[in-house]
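Colleague: Give me a 3D structure for the following:
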Amino acid sequence: MALQKNLADSMAAIRTERKKSLSEFAEELSISRSSLQDILKGKGNPTLSTVELIARQLEVDPLLLLSCSESEMRTTLYLAHLLDWFRQLSLEQRQEFSTAVDTLISILK
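Modeller: So this is what the prediction gives:
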């Protein structure tokens, strides 16, 4: 049961973050809307092939989908966005940001 709940929670977090309707999200995942609803309710019992397909479509590791709670997935998504933002900075901006973070961490210690 924990795997089904984690899958449901992870997919719900991703759907919310992407601001997709059920139909749009099902289409993105290449599964039926009813299958998606079952998975999100924790009632679906997708095959491993389906989990792998979903993970591939979402560009995430299948184990991540099965092992994260909703809050952990939201944190993971937030960190991924932060890393994307960081990669877009110039080298100088990255260094300044890193210095600021180091300072903040030393203050918090």
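Colleague: From the contact counts, what lies against whatever helix or strand residue 95 lives in?
Modeller: Assessed by DSSP states H and E, residue 95 sits inside helix 91-108. Taking 3 or more Cβ pairs under 8 Å, 6 or more residues apart in numbering; DSSP states H and E as contact, there are no helices or strands that helix 91-108 lies on. From N, CA and C alone the C-beta is placed, and that goes for glycine too.
Colleague: Begin at 38, not 1, for the rest of this chat.
Modeller: All right, first residue 38 from here; so that's helix 128-145.
Colleague: buried residues in it?
Modeller: By neighbour count on 16 or more other Cβ atoms under 10 Å, the buried set for helix 128-145 is empty.
Colleague: Residue 113 is in contact with residue 101, correct?
Modeller: Yes. If you go by Cβ atoms under 8 Å, residue 101 and residue 113 touch, sitting 7.0 Å apart.
Colleague: Next, residue 82: secondary structure please.
Modeller: Counting by DSSP: H, G, I helix; E, B strand; the rest coil, the backbone at residue 82 sits in coil.
Colleague: May I have the phi/psi pair for it?
Modeller: Per-residue torsions, residue 82: phi -130, psi 70 (degrees, to the nearest 10).
Colleague: contacting residues for the nearest residue to it once chain neighbours are set aside?
Modeller: Nearest residue to residue 82 in three dimensions, chain neighbours excluded: residue 41, at 7.2 Å (Cβ to Cβ, 6 or more residues apart in numbering). Going by Cβ atoms under 8 Å, 6 or more residues apart in numbering, residue 41 touches 76, 79-82.
Colleague: pLDDT of the helix or strand encompassing residue 41, averaged?
Modeller: Assessed by DSSP H and E, residue 41 sits inside helix 39-55. Helix 39-55 shows a mean pLDDT of 91.
Colleague: roughly how far is that helix from the heart of the chain?
Modeller: On the basis of Cα atoms, centre = their mean, to the nearest Å, helix 39-55 sits 8 Å off its chain's mean C-alpha point.
Colleague: burial measure for residue 124, as a count.
Modeller: Neighbourhood size, residue 124 [other Cβ atoms under 10 Å]: 8.
Colleague: This completes my enquiry, with thanks.
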